[in-house]
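Visitor: One predicted model, sequence on top.
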Amino acid sequence: MAEAFDVVVIGAGPTGENAAARAAAAGMSVALVEHELLGGECSFWACIPSKALLRPAEALWLAKMAPGAREAIKGPLVASAVLEHRDYMVGDYKDDSQVKWAEGAKITVVRGNGTLTGPRKVRVESRDGTVRELEARRAVVLATGSKPRLPDIPGLKEAKPWDNREGTGAKEVPKRLLVLGGGAVAVELAQAWRSLGSEVTLAQRGKSLLSRFEPFVGEQVAQALRDSGVRVLLGTTAARVQRAGDKGEVTVTLTHGEEVRADALLVAMGREARTEGLGLETVGLKGGGPVQVDDQLRAKGVEGGWLYACGDVNGRNLLTHMGKYQARLVGDIIAGKKVHAWADAKATPQVIFTHPQAASVGLTEAKAREAKLPVRTVQYDMQNVSGTGLLGRDLKGTAKLVVDEKRRVILGATFTGPEVGEMLHAATIAVAGEVSLDTLWHAVPSFPTMSEVWLRLLEAYGL
Ligand SMILES: Cc1cc2nc3c(=O)[nH]c(=O)nc-3n(C[C@H](O)[C@H](O)[C@H](O)COP(=O)(O)OP(=O)(O)OC[C@H]3O[C@@H](n4cnc5c(N)ncnc54)[C@H](O)[C@@H]3O)c2cc1C
Ligand SMILES: NC(=O)c1ccc[n+]([C@@H]2O[C@H](COP(=O)([O-])OP(=O)(O)OC[C@H]3O[C@@H](n4cnc5c(N)ncnc54)[C@H](O)[C@@H]3O)[C@@H](O)[C@H]2O)c1
């Protein structure tokens, strides 16, 4: 006989954990199904380890910009200590603390692979072959995340390249690393492994890095990578890949004809929703792509509105904080609240944790113009505010606002520079809250912080 819960959540990454927590906090009984580690990709093989690898290099870079501290630095990063710090931050790849948290939140953890077997029905098969049948009285939430995309390039699969798991989890620093891709994973991990001593080449098919951001972001991050010794190749990608033996040198022939040899090859070419084998066809959906959802995160095309999908699996915004946002809403919606997800389309923030950092929220100028909005932009150099100069010599960056001229509200904001990620939330509040420029003029930034750039931007606008 099936075990009944109000809500069954499949996948215990940050999204599934939050959906389960919110539903449990509203008094519902919740089963959280996970076949690997509670905490998901983000905690063990993505956000946390990548940031743990990047932060020491950023701290060293900032110290080198501060006279007095600079002179105290006697050598490069100690790679073994950085890798140890990474292992500490991922809890040595154990999820004990998360299990404890789930128990405390009155969530029933069910270990095993979850598949839909029909409306409101989930079958969980554990590694030892034990099967548990679950039934959801109110809702099933899919939060199965995503997996790396491996393009069909001759020899690539056979060469056993690194994906984000080895890219964040490798125990040794490769002498030579080739990174394929030019998005967030590529730039962050290229910089991280370069800082640990690898000779890094990055090959990006497009003409710029980080193409979803304002164009100056990709240009400045490319320059920073080059300054730190990464060879950045734009407009080229792998045409063929060959590995000598099982663990030997890898040779990649790039589309412009050059051959690059490396000890490790990292594929950072985007991600795909994890929906195959999930039993979607048993409820009338197709597997293989993201689960299409409406603004209440309900799967489109499923009668009765009992199936939800949030986080990477619905393909709306592949970011932990956006998955968690959707998850909180799903918990509330199942509990009967009338809410919907609108920040996805209007006010999604993102920080790229390279040094310098890049941070943006809302629409870029190009996207706003594409949407035919009445756009005016203002831009200011971060180095011209006292806060930046005090943080260190020769630190630079750019701040840009995309303003809706008619409504005098900010549609999008982008910052580059040292630690600008921590400045982003002010912009997110302004964008999500549609705070008028005239009101923002009275939001006084402290002196001498980098946030004074807000004053300069508003002055540039004409206030
Ligand atoms: C290298 C890297 C760095 C990143 N850095 C950042 C960052 O700094 N900030 C940020 O916001 N985002 C970052 N991201 C993106 C972020 O990792 C994802 O957006 C986030 O992990 C999505 O969370 P999720 O819970 O939806 O999915 P996941 O984290 O993928 O979790 C899904 C869970 O479901 C489980 N699962 C899947 N199928 C089943 C099944 N059938 N049965 C049982 N369990 C199942 C999986 O084992 C997994 O635990 C990064 C991504 C990468 C690759
Ligand atoms: N700090 C952060 O917020 C952070 C960090 C890492 C990852 N993430 C998120 O995780 C997701 C995955 O990151 P990602 O960098 O893998 O994906 P991405 O979509 O950001 O970038 C993919 C890159 O691969 C290239 N590419 C795709 N297909 C290709 C092909 N067939 N041949 C050659 N090049 C190809 C694209 O041009 C692009 O540069 C993203 O949504 C990203 O935002 C976020």
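Guide: Everything's here; your move. Ligands and ions are numbered 1, 2, ... in the order given.

Visitor: so what pLDDT did whichever residue of the chain sits closest to ligand 2 get?
Guide: Here the chain gets closest to ligand 2 at one residue, G183, 2.1 Å apart by CB to the nearest ligand atom. (Each C-beta comes from the backbone N, C-alpha and C, glycine too.) pLDDT for G183: 98.

Visitor: does stretch 283-290 come close to ligand 2?
Guide: No: with CB under 6 Å from any ligand atom as the measure, stretch 283-290 is seen stopping short of ligand 2, the closest distance being 11.9 Å.

Visitor: distance of the residue of the chain closest to ligand 2 from ligand 1?
Guide: 10 Å (CB to the nearest ligand atom, to the nearest Å).

Visitor: residue contacts, V351?
Guide: Taking CB atoms under 8 Å, 6 or more residues apart in numbering as the contact definition, V351 lies against 357-359, 420-421, 424.

Visitor: cool, R240 as well?
Guide: R240 makes contacts with 153-155, 252-253, as judged by CB under 8 Å, 6+ apart.

Visitor: okay, among those, which ones form the most distant pair?
Guide: Spatial extent of these (CB to CB) is set by the pair P154 and V252 at 10.8 Å.

Visitor: more neighbours, these two?
Guide: V252 (26 against 12; other CB atoms under 10 Å).

Visitor: which SSE is the more buried one in?
Guide: If you go by DSSP states H and E, V252 is part of strand 250-254.

Visitor: ok, is the longest helix seen in the chain in contact with ligand 1 or not?
Guide: For the chain, the helix reaching the highest residue count under DSSP state H is reported as helix 47-65. Yes: for helix 47-65 and ligand 1, the contact criterion (CB under 6 Å from any ligand atom) is met by 47, 50-51.

Visitor: neighbouring contacts of that helix?
Guide: Outside of helix 47-65, the residues within contact range by CB under 8 Å, 6+ apart are 42, 69-70, 72-73, 76-77, 81-83, 85-86, 88-90, 164, 167-169, 185, 188-189, 191-193, 195-196, 320, 353-355, 357, 391-395, 418-419.

Visitor: And the contacts of the very next helix or strand once past it?
Guide: With elements assigned by DSSP H and E, the helix or strand that comes after helix 47-65 is helix 69-72. Helix 69-72 is touched from outside by 63-64, with contacts defined as CB under 8 Å, 6+ apart.

Visitor: Tell me the gap between the following helix or strand past helix 69-72 and the middle of its chain.
Guide: Sequence-wise, the next helix or strand beyond helix 69-72 is helix 79-89, with elements assigned using DSSP H and E. The gap between the average C-alpha position of helix 79-89 and the chain average comes to 21 Å, counting by CA atoms, centre = their mean, to the nearest Å.

Visitor: Show me how this protein divides into domains.
Guide: Domains of the chain are assigned by automatic domain parsing as 3-39+95-147+272-345, 164-269, 356-461.

Visitor: and those domains as JSON lines, adding distance to A63?
Guide: Formatted as JSON lines, the entries for the domains of the chain read as follows, by distance: least, CB to CB, whole Å:
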{"stretch": "domain 3-39+95-147+272-345", "distance to A63": "28"}
{"stretch": "domain 164-269", "distance to A63": "13"}
{"stretch": "domain 356-461", "distance to A63": "8"}
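
Visitor: can you count the residues close to G279?
Guide: Around G279 sit 18 other residues, with neighbours defined as other CB under 10 Å.

Visitor: Excluding sequence neighbours, find me the nearest residue to R127.
Guide: Spatially, and ignoring its direct neighbours in sequence, R127 is nearest to G112 (7.2 Å; CB to CB, 6 or more residues apart in numbering).

Visitor: Verify the contact between T117 and L280 for me.
Guide: No: in this structure, T117 is not within contact of L280 by CB atoms under 8 Å, at 11.2 Å.

Visitor: So for the residue of the stretch 201-350 of the chain found nearest ligand 1, what pLDDT did the model give?
Guide: Each residue of the stretch 201-350 of the chain has a distance to ligand 1, by CB to the nearest ligand atom, and the smallest belongs to G311, at 2.3 Å. For G311, the pLDDT comes out at 98.

Visitor: give me every residue that touches it.
Guide: 11, 13-16, 143, 145, 322-324, 326-327.

Visitor: Could you rerun that using 7 Å?
Guide: Contact partners of G311, counting by CB atoms under 7 Å, 6 or more residues apart in numbering, are 13, 15, 143, 145, 323, 326-327.

Visitor: Return a ChimeraX selection command for the buried portion of those.
Guide: The following ChimeraX command selects only the buried members of the contacts of G311, with burial defined by 16 or more other CB atoms under 10 Å:
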select :13,15,143,145,323,326,327
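
Visitor: Which of the contacts of G311 fall within helices?
Guide: Judged by DSSP H, the subset of the contacts of G311 located in helices is 15, 323, 326-327.

Visitor: Helices of the stretch 301-450 of the chain, residue ranges please.
Guide: With DSSP state H, counting those that start in this stretch, the ranges of helices along the stretch 301-450 of the chain come out as 320-334, 343-346, 365-370, 386-391, 424-432, 437-440.

Visitor: Tell me the residue of the stretch 101-250 of the chain that sits nearest ligand 1?
Guide: Residue nearest to ligand 1 within the stretch 101-250 of the chain (CB to the nearest ligand atom): G145, separated by 2.1 Å.

Visitor: In CSV: the ones in helices among the contacts of G311, plus distance to ligand 2 and pLDDT.
Guide: What follows is the ones in helices among the contacts of G311, written out as CSV (distance: CB to the nearest ligand atom, whole Å; pLDDT from 0 to 100):
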residue, distance to ligand 2, pLDDT
T15, 13, 98
G323, 11, 98
Q326, 14, 98
A327, 17, 98
